[in-house]
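> My questions concern the predicted model and sequence given below.
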Amino acid sequence: MNRVKSVFISLYLTLLVVGLVRALWQLSVQPAWGWVVLALLPALGFFGWVFGFRVARTGYASVVMWAAPLIASVAMLISGVTLVEPWIWVLDVGLGGALLYVLWYSRYGARDSLVLQCGNTLPELVFETEHGQRVSTQDFKGPLLLLFYRGNWCPLCMAQIREVADQYNELAAKGVNLLMISPQSHNNTAALAQRFSVPMQFLVDRDLAAARKLGIEAVAGLPAGLEVLGYDSDTVMPTVVITDAKHNIIFVDQTDNYRVRPEPATFMQALAAAGL
């Protein structure tokens, strides 16, 4: 199923661009193509907003993706548009693509790792630093905050990491070690680490060893085509784990929708509830 999703998201984005270009090209000849522009442009705007402004959660903003083509299709019906191709772009790519993205693609379904249960002791996890050095969770003394992210290509992951970086002083004051973990390459991890001035640990989960141990791997979760940028097709489902000083789990966020990440205040609340 992930393989289908991988192809879908790349195809969807491509068709949005192709459809909009074609609609603008045909608009001077046939005004009905204006409805195609209305149907597709908001979805492209949504993705532009996500990538450009690095938002960690999209909330109801994604409504515009399917509302616009729905409005366009009603308007086309009322105005009596008979051209077949505009209808295909509006209904299939605009409305159908948006609904698939919101209701199917971005959702993981029920997630309930038996390992990641509050009260359990986090098993020892082994990673590599950006320089290839081996490091284990047992090497860190004190509470841990492990943030598993998909890779530098994921704008929502990047926004979530930036939020944690903004919280660094508050978290560090409680002795929390911040571990940012991804299966991406050492080079990509090093490039990301250089963006931040706070001393968070950026670690590589080689071959998804830790993710598989925790049951949070996403086989074929990479959008099709990004392999050319050096990313592996298998990735991880965004997950946040917080432990106490003895590495007992006190908080877990296993989001069932990659567009929804926990609010930063949630981490401080979890630490306070555990008496930290």
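Thanks, I have it.
> And what about Met268, helix, strand or coil?
helix (DSSP: H, G, I helix; E, B strand; the rest coil).
> what are the phi and psi angles of Leu27?
Per-residue torsions, Leu27: phi -60, psi -40 (degrees, to the nearest 10).
> what sits against the residue nearest to it when sequence neighbours are not counted?
Spatially, and ignoring its direct neighbours in sequence, Leu27 is nearest to Trp33 (4.6 Å; C-beta to C-beta, 6 or more residues apart in numbering). C-beta coordinates here come from the backbone N, C-alpha and C atoms, glycine included. Applying C-beta atoms under 8 Å, 6 or more residues apart in numbering to Trp33 gives the contacts Arg22, Ala23, Leu24, Gln26, Leu27, Pro86.
> Tell me the secondary structure at the third one.
Following three-state DSSP, Leu24 is assigned to helix.
> nearest residue to it other than its sequence neighbours?
Val37 (6.5 Å).
> Could you pull out the strands in the stretch 151-276 of the chain for me?
Listed in chain order, the strands of the stretch 151-276 of the chain (DSSP state E, counting those that start in this stretch) span 177-182, 201-204, 217-218, 235-236, 239-243, 249-253.
> Pairing partners for the third one, with directions?
Looking back up the chat, that one is strand 217-218. When pairing is defined by DSSP bridges, strand 217-218 lines up against strand 235-236 (antiparallel).
> which residues sit against the partner strand?
Against strand 235-236 from outside (C-beta under 8 Å, 6+ apart): 148-151, 181-184, 205, 208, 211, 216-218, 221-222.
> Now do the same contact list for Arg150.
By C-beta under 8 Å, 6+ apart, the residues touching Arg150 are Cys157, Ser182, Ala218, Gly221, Leu222, Thr235, Val236, Pro238, Tyr258.
> Quick check: the third one touching Pro238?
No: with contacts defined as C-beta atoms under 8 Å, Ala218 does not count as touching Pro238, sitting 9.2 Å away.
> Which one of these two is surrounded by more residues?
Pro238 (26 against 22; other C-beta atoms under 10 Å).
> Out of the contacts of Arg150, show me where the pLDDT dips lowest.
Taking these together, the minimum pLDDT is found at Tyr258 (87).
> Tell me the spacing between that one and Ala32.
Noted for Tyr258: a distance of 36 Å to Ala32, by C-beta to C-beta, to the nearest Å.
> Same question for Ser62.
26 Å.
> Also Gly215?
Using C-beta to C-beta, one gets 50 Å for the distance from Gly215 to Ala32.
> Same drill for the two, tell me which one is more crowded.
Ala32 (20 against 15).
> Just to check, the more buried one is in contact with Ser73?
No: under the criterion of C-beta under 8 Å, Ala32 is not in contact with Ser73, lying 12.0 Å apart.
> helix or strand for Lys141, which one?
Under DSSP states H and E, no helix or strand contains Lys141.
> show me what contacts it?
By C-beta under 8 Å, 6+ apart, the contact set of Lys141 is Asn177, Ala245.
> Also Trp66?
Trp66 is in contact with Leu95, Ala98, Leu99, Val102, counting by C-beta under 8 Å, 6+ apart.
> now the helix or strand hosting it: how far from the chain's centre is it?
According to DSSP H and E, Trp66 maps onto helix 63-79. Mean-position distance between helix 63-79 and its chain equals 27 Å (C-alpha atoms, centre = their mean, to the nearest Å).
> following that helix, which helix or strand comes up?
From helix 63-79, the next helix or strand downstream (DSSP H and E) is helix 84-87.
> Can you name the two of the contacts of strand 235-236 that sit furthest apart?
Ile181 and Leu222 (16.4 Å; C-beta to C-beta).
> and these two? which has more neighbours close in?
Each of Ile181 and Leu222 has its neighbours counted (other C-beta under 10 Å); Leu222 has more, 25 against 22.
> So that one sits against Asp234, correct?
Yes: applying C-beta under 8 Å, one finds Leu222 in contact with Asp234, separated by 7.3 Å.
> Tell me where the model's unsure across this structure.
Where the chain drops to pLDDT under 70, the residues are 1.
> Which residue comes closest to Met200 once chain neighbours are left out?
Leu178 (4.2 Å).
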